[in-house]
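Enquirer: Below are the sequence and a predicted model for it; my questions follow.
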Protein chains: 2
Amino acid sequence: MINSPESDEARRHREKMEKRKAVQDAEVAGKTVTEKGLLMVHTGPGKGKSTAAFGLALRALGHGWKVGVVQFGKGQWRSGERDMLEKLGAVSWHTLGEGFTWETQDRARDEAAARRAWEKACELMDDPAIRLLVLDELNISLRYEHLPLAEVVARLSARRPDLHIVVTGRNAKPELLAAADLVTEMTLVKHHFAAGVKAQEGIEF
Amino acid sequence: MINSPESDEARRHREKMEKRKAVQDAEVAGKTVTEKGLLMVHTGPGKGKSTAAFGLALRALGHGWKVGVVQFGKGQWRSGERDMLEKLGAVSWHTLGEGFTWETQDRARDEAAARRAWEKACELMDDPAIRLLVLDELNISLRYEHLPLAEVVARLSARRPDLHIVVTGRNAKPELLAAADLVTEMTLVKHHFAAGVKAQEGIEF
């Protein structure tokens, strides 16, 4: 690069950016807890709650971690992701939900399915090889009271210090949010359904 | 299942769920446009914007699609995802950003990097084999005016009908939102940084 004299504008820009960088650096230096298994919740009415969880699974596999996935909702909508993650190796994937309640219309069956999924989740939490556990649509099971909230929150809170957990689904319970380290709400700002466009293969399923 | 008489509670639940399913079915039947390449934007201050985009890439690969990725920000934070997606095959990945402006503190360099990234994006938009294109952190380049907004929005709007595009980054421009089919805002409800916990390897990078 030619060593030309700096313009006033360039200098102001550089100074502003230097200040911002100093703020960022100080923020990072101020963190004291260096390793902690996070309880993460993706909720809200927008898109991307499960998709971001599977993106996290992809990242975790990229770090050589073993990943567990339990689906509390029905599974066929995620088959593309499942095939791909399993190709990458260390994924223990369990689809134990039987569909949303407005599909099955049978509460006892919903409760039994949620219980089976939760038991599998507990088993995976006890597997020391697993470093990331995705509990997909667990929020739905909690919302419809297919599982006892207090038991679930207590068990998630008692996770191993080296286990990260991500819980997805709309309408996350306040008690779960209180126990979480990281909560992201996906808000729907604009949706093509409103413009009469159908769900798109490869994007929405 | 034993054919026992239905309780009042079970009947009310079933009727409520049947009604909900009828509403859902009618909604799906009302969609008229069946195939359309979507312009999607993931914005907002929360986590998961890029992660959900890489989750979409995973899904697209699961459908046998070819995927393009252009990173307008710096690349090292996504190396795990890159390694994994490239293992799965048809990914054309280009990291052309050189870091956020508060790291580089050189506006001319930022603009040149953004221009190179945008030219690569245009090239991938013209490749008929690519069905999903991720433009990671493009919103940052637009926000700092490293690229002309009108040119970018016009080109994205003129995409092929079978090309889906997802643009990520905070502070998406209103003109881009107006052109988008699907906009999701990731809102930070709670963050472990506030509790003094550092960014976690395998989760945040």
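Expert: Now that the structure is in, tell me what you want to look at.
Enquirer: Which parts of the longest strand along chain A count as buried, going by neighbours?
Expert: Longest strand of chain A, by residue count under DSSP state E: strand A:182-190. Neighbour counts over strand A:182-190 (16 or more other Cβ atoms under 10 Å in any protein chain shown) mark A:182-190 as buried. C-betas here are computed from N, CA, C, even on glycine.
Enquirer: try stretch A:145-162
Expert: Using 16+ other Cβ under 10 Å as the test for burial, stretch A:145-162 gives A:146-147, A:152-153, A:156.
Enquirer: Check stretch A:107-117 too.
Expert: For stretch A:107-117, by 16+ other Cβ under 10 Å, it's A:107, A:110-111, A:113-114, A:116-117.
Enquirer: Among those residues, which ones are in strands?
Expert: Per DSSP E, the buried residues of stretch A:107-117 never map to strands.
Enquirer: of all those residues, which comes closest to chain B?
Expert: For those, the closest approach to chain B (Cβ to the nearest Cβ) belongs to A:Arg107, at 5.2 Å.
Enquirer: so the closest one sits right up against B:Ala10, yeah?
Expert: Yes: with contact defined as Cβ atoms under 8 Å, A:Arg107 reaches B:Ala10; the gap is 6.5 Å.
Enquirer: coming back round to it: looking at the buried residues of stretch A:145-162, which is nearest B:Ala22?
Expert: Within those, the smallest distance to B:Ala22 is 22.3 Å, found for A:His146 (Cβ to Cβ).
Enquirer: Surely A:Val91 touches A:Ala60?
Expert: No: counting by Cβ under 8 Å, A:Val91 sits too far from A:Ala60 to count as a contact (9.5 Å).
Enquirer: neighbour count winner among those two?
Expert: More crowded of A:Val91 and A:Ala60, by other Cβ atoms under 10 Å in any protein chain shown: A:Ala60, with 27 against 21.
Enquirer: How about the helix or strand harbouring that one, which residues are buried there?
Expert: Per DSSP states H and E: A:Ala60 is located in helix A:49-62. Neighbour-count burial for helix A:49-62 flags A:49-62 (criterion: 16+ other Cβ under 10 Å).
Enquirer: Just checking: the least confident one among the buried residues of stretch A:107-117 is which?
Expert: Lowest pLDDT among these: A:Arg107, with 83.
Enquirer: For chain A, give the helix that spans the most residues.
Expert: Counting residues, the longest helix found in chain A (DSSP state H) is helix A:8-29.
Enquirer: Could you name the helices and strands sitting against that helix?
Expert: helix B:101-104, helix B:107-125 (3 or more Cβ pairs under 8 Å, 6 or more residues apart in numbering or on different chains; DSSP states H and E).
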